[in-house]
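S.K.: just coords:
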């Protein structure tokens, strides 16, 4: 099953503290956080760090995952104003390896030229233009779907190396 098919077939649970969420004392290996403030970015970073650590990622890979997630979550807040981040633990079909998949989704202005946005140094804002290409370099898989005026959906994944 492709990464895209895995994401499309997955239903995500409620955010921590809502029915279906893991108890606060255990890291949630799947969840969702609405993003509409800088505090939400911090909460998403924390939850994703806990999930990656619980899955057994090395400190280096945890840092990579959290850095990519932080950048993409900040993009939601900065460019769209609000959106969601979802994460879940997954296994590759036919292989004995686990991973972490994350989805960042908003209904903002969208990205007019995804290929151009993936070039290092390109920015439509005040940033350095390292966000999307940097996130791609930090993760094992990345897919972007965006429509101008409709929003953006970015899916990323990191696989455990054993």
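M.R.: That came in fine, so what should we check first? Keep in mind it's a predicted model, so treat the numbers as computed, not measured. Numbers count the residues shown, from 1 in each chain.

S.K.: if I pick residue 156, what's in contact with it?
M.R.: 68, 69, 72, 101, 102, 104, 135, 139, 141, 142, 143 (C-beta atoms under 8 Å, 6 or more residues apart in numbering). Backbone N, C-alpha and C define where each C-beta goes, glycine included.

S.K.: Compare these and tell me which is most surrounded.
M.R.: residue 69 (28 neighbours; other C-beta atoms under 10 Å).

S.K.: per-residue pLDDT, it?
M.R.: You'll see residue 69 listed with a pLDDT of 96.

S.K.: In which helix or strand does it reside?
M.R.: Under the criterion of DSSP states H and E, residue 69 resides in helix 59-75.

S.K.: Show me what that helix is packed against.
M.R.: On a contact count with 3 or more C-beta pairs under 8 Å, 6 or more residues apart in numbering; DSSP states H and E, helix 59-75 meets helix 38-55, strand 83-91, strand 98-106, helix 131-138, strand 151-159.

S.K.: Dump these to TSV, plus mean pLDDT.
M.R.: Below are these laid out as TSV (pLDDT from 0 to 100):
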stretch	mean pLDDT
helix 38-55	96
strand 83-91	95
strand 98-106	96
helix 131-138	90
strand 151-159	97
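
S.K.: Redo these as JSON lines? Include distance to residue 62.
M.R.: Output for the helices and strands packed on helix 59-75, formatted as JSON lines (distance: least, C-beta to C-beta, whole Å):
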{"stretch": "helix 38-55", "distance to residue 62": "5"}
{"stretch": "strand 83-91", "distance to residue 62": "13"}
{"stretch": "strand 98-106", "distance to residue 62": "10"}
{"stretch": "helix 131-138", "distance to residue 62": "11"}
{"stretch": "strand 151-159", "distance to residue 62": "9"}
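
S.K.: Nothing else from me, thank you.
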